Structure formats: C-alpha cells, structure tokens
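K.L.:
Sequence first, predicted model second:
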Amino acid sequence: GRFLQARSALSPSGRRAAAGDMSEAPEALGELPRVSDLLEEYKDAIAAVRSQPEVAPLLGAEHDELFFLRYCISFRDVAKSATAIKQAIEWRRENVDVLSRIDDLQAEVKKIIPTGMLPWRTNQGQPIQVAIPFAVDVSTWATKSEEWHHEAGISNREVAYRICDQLTRETGRLVKLVMIQDLTGLSLQFAMQNSQLVKNQGKLSKLSEFLFPQLIATVVVTHPPSFIATLYKGFSPLLSERLIKKVKMAENVDKLCKYAALPNDRVPTFLGGTYEWDAEWVPLRVKAKDNGGASSNGPPVPHGAPALGTTKSGGSVGSPSQSRLAFSFNPFGSSK
C-alpha cells in the first residue's frame, strides 16, 4: 500500500500527534493539533481511501472526513486504512444489538466497578477517566462471564469514542482520552488466577485498533505493584504494540501530574493529590483514605466545559448518545 505522506508544515508537537505517536506525556505534546490542518495534510490520502473498491459501497452519511482522518493517521497506508474501515463498518452492522445496549451496559458496569470522569480536562483539553477497580470486593466483577467483560469493554470504548468525537468537533482539535488506572490492591495471586481477564483485554485491544482509531492519548497507571514487570512480560504479547507504548507508570504524584497533564490540586486525594473528590461512584473507604493531601474542595469546573461523563443524544459516532462513561478493569486494553 501507499504510505501516507505529511504535506503541511506542522509544529513538532503537531507532527508527532499527526503520526499517531502519543507515547509521550500529554504535556510534552503541547497544543493539540488542529483538525483543519490535519484534514489538509491528509486530504489526498482520505480521497484515496474513500475510493477504494472495498470501502466505497459501504459508506453512509456518518462516514465523513473526520471519520477517515482517524484511520489515515493511525494506519498511514491506504490499503491498511481501507481494510480497517471495512472491518469496522461490517463489525458495527453485525453487532447492532450490542451497540443498542450501550447505555444499559454502562449503567451496570458503573454499579460494579468504581470508575468516573474527572470534572475537568488535561491542560490540553483532553477528557480524563479514572478507574479504581481494586477498591471494592473484586469478586463482584471478577466472576462475571467473559462475554460480559467483552461487551462491557466494547461499550466503554464506544462511549469514550463518542465523547472524544464530540469534543473534537466542538473544539476543532483532535481530542483523545487520558486514562488513569489505580492498581492499589492488585495482588499477584489475583492476577495469576484471573489471567482470562487480561486475555480478554488483549482481544479488546486488537479489536479496538480498527473500531476506535485515535482514541487513547495516554494510559497512566498509578500505584503499580512491585510485580508489574512480571505482568507485562507475561501479557504484553496479547496487547496492541502501540497501546503498550502509551502506558506510563506513575510511582508518585509528581509523575502522575506530568503524565496526565494535571496540576496537583486537580488530582484526587486517593491518587496523592489535594482534590477531595466527593463523586458518588467513589467508595467511602477510598474517600476516607488519607494520602497526605491538604484539605480542599478542589477548583471549580472550567466555565463552559461540557459535562465530561455525558454526550449529546443520537446514535452512531458523530451523533453521540447520552451515556455515563465507565470502564471495566482495563489497565492496558484500549486502542490506538
């Protein structure tokens, strides 16, 4: 296939983002790239992919230039982009039932796994999702079926994709998701006894490559256990190589602030910051935990910022559905 060539002169940070290289901390990337610049840069590639014989007959009104742009940036090859788009469209048509139950799946996951969206974004305007799966009795979710975890994972990514799509269209910047995964409480015994959960995340990771391109900016893992290197060695072959490059280990709050592009007063106390997050989904035992943070009610939500846990009503990507974002245990299973 033909490699997609950059055409317009972007800043160094813009060129890295355009190439799909979000492996650095968000703050290191500077300003998010403008969609208008990227569309100009990739216009020939988008036209070439759109005209591919395996793609053209499948297209609908929802498959606009922004839809194509994400694939062109991620795959940087006309043939590979076309193949991924064909897979995505066909998968969506074959899994209408799962997509129609996203809101119900999200509501169920929300009750089982402590997960929520911070009420503000990174310094670059990217939404931030926080998950603390081991802050509760893990038997409530570890015993769920593989099918449940698979569908929950799909719904989580779909909702996140819609949120980022909405923010991208509203701001004119290519917005991606920053994920913070707190592994406090994870034991090696649990990880070994429930390896099927990580294997399922591996399947979701590979599936997400063609379903949700350009979704994840960074995955920040906080309170990583001492055996995290062992887990990586055992399970990394199952995961997307590009995703693994985006995972950052934050052994302390300073690194968390750097990787998540957040000031300390916007980091929840249970993660080592000074923001006392009184969100409904945060377990009482976590709220009572003393991480040494100063007492604070946290800064106000930025004026005019949309509620990051919801999106506008609608159906497909580009027409987001109102839903709460909640991720099942997922330290490494996301998408490009």
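P.N.:
That came through, no problem.

K.L.:
residue ranges with poor pLDDT in the stretch 101-250 of the chain?
P.N.:
195, 198, 231-243 (pLDDT under 70).

K.L.:
quick one, strands of it?
P.N.:
Secondary structure of the stretch 101-250 of the chain (DSSP state E, counting those that start in this stretch): strands at 115-117, 128-131, 177-182, 216-222, 247-250.

K.L.:
Could I get these in a markdown table, plus columns for mean neighbour count?
P.N.:
C-betas here are computed from N, CA, C, even on glycine. As requested, these are exported to a markdown table (neighbours: other Cβ atoms under 10 Å):
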| stretch | mean neighbour count |
| --- | --- |
| strand 115-117 | 23 |
| strand 128-131 | 24 |
| strand 177-182 | 26 |
| strand 216-222 | 25 |
| strand 247-250 | 21 |
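
K.L.:
which one of those strands lies closest to Ala261?
P.N.:
strand 177-182 (7.2 Å; Cβ to Cβ).

K.L.:
Give me the residues contacting that closest one.
P.N.:
26, 122, 126-135, 160, 163-164, 215-223, 256, 260-261, 270-271, 327, 330-331, 334 (Cβ atoms under 8 Å, 6 or more residues apart in numbering).

K.L.:
chain center to that strand: distance?
P.N.:
Distance of strand 177-182 from the chain centroid (Cα atoms, centre = their mean, to the nearest Å) equals 8 Å.

K.L.:
what's the angle from it to strand 216-222?
P.N.:
Going by axes from the mean of the first three to the mean of the last three Cα atoms, to 10 degrees, strand 177-182 is angled at 10 degrees with respect to strand 216-222.

K.L.:
and strand 177-182, which strands flank it?
P.N.:
Partners of strand 177-182 in the sheet, by DSSP bridges, are strand 128-131 (parallel), strand 216-222 (parallel).

K.L.:
could the ones you listed be laid out in CSV, adding distance to Glu65?
P.N.:
CSV is the format used below for the strands paired with strand 177-182 (distance: least, Cβ to Cβ, whole Å):
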stretch, distance to Glu65
strand 128-131, 27
strand 216-222, 21
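
K.L.:
Gln52 is nearest to which of those strands?
P.N.:
Of all the strands paired with strand 177-182, strand 216-222 sits nearest to Gln52, with 26.0 Å by Cβ to Cβ.

K.L.:
give me phi/psi at the residue sitting furthest away from the middle of the chain?
P.N.:
Taking Cα atoms, centre = their mean, the residue of the chain most remote from its mean C-alpha position is Pro53, at 31.0 Å. Backbone torsions for Pro53, taken as degrees, to the nearest 10, come to phi -60, psi -30.

K.L.:
mind checking pLDDT for it?
P.N.:
Each residue has a pLDDT score; the one for Pro53 is 95.

K.L.:
what about it, distance to Glu90?
P.N.:
With distances taken as Cβ to Cβ, to the nearest Å, Pro53 is found 15 Å from Glu90.

K.L.:
So Phe270: helix, strand or coil?
P.N.:
Using DSSP: H, G, I helix; E, B strand; the rest coil, the structure places Phe270 in helix.

K.L.:
same question, Ile73
P.N.:
Per three-state DSSP, Ile73 ends up helix.

K.L.:
got a pLDDT number for it?
P.N.:
96.

K.L.:
Quick one: neighbours of it, just the number.
P.N.:
By other Cβ atoms under 10 Å, 23 other residues sit near Ile73.

K.L.:
Going forward, count from 45.
P.N.:
In the new numbering, first residue 45, that becomes Ile117.

K.L.:
And it, how close does it get to Leu248?
P.N.:
From Ile117 to Leu248 the distance is 21 Å (Cβ to Cβ).

K.L.:
quick one: contacts for Thr184?
P.N.:
Ile156.

K.L.:
go again using 10 Å as the cut-off
P.N.:
Lys155, Ile156, Ile157 (Cβ atoms under 10 Å, 6 or more residues apart in numbering).

K.L.:
Report the separation between Glu85 and Leu300.
P.N.:
Applying Cβ to Cβ to Glu85 and Leu300 gives a distance of 33 Å.

K.L.:
what about Glu202, how many neighbours?
P.N.:
If we define neighbours as other Cβ under 10 Å, then Glu202 has 26 of them.

K.L.:
With the one 10 residues further on instead?
P.N.:
The local packing of Thr212 (other Cβ under 10 Å) involves 20 other residues.

K.L.:
what does Pro269 give?
P.N.:
For Pro269, using other Cβ under 10 Å, the count is 17.

K.L.:
just Glu138 next, same as before
P.N.:
Neighbour tally, Glu138, other Cβ under 10 Å: 9.

K.L.:
In terms of pLDDT, where does it sit?
P.N.:
95.

K.L.:
ok, it to Gly160 distance?
P.N.:
Distance, Glu138 to Gly160, by Cβ to Cβ: 31 Å.

K.L.:
Now do the helices in the stretch 45-194 of the chain.
P.N.:
56-62, 79-85, 87-94, 109-119, 122-138, 140-144, 146-156, 183-186, 190-215 (DSSP state H, counting those that start in this stretch).

K.L.:
Could you save those helices as TSV and add columns showing distance to Ala273?
P.N.:
Output for these, formatted as TSV (distance: least, Cβ to Cβ, whole Å):
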stretch	distance to Ala273
helix 56-62	27
helix 79-85	36
helix 87-94	39
helix 109-119	28
helix 122-138	32
helix 140-144	35
helix 146-156	29
helix 183-186	23
helix 190-215	24
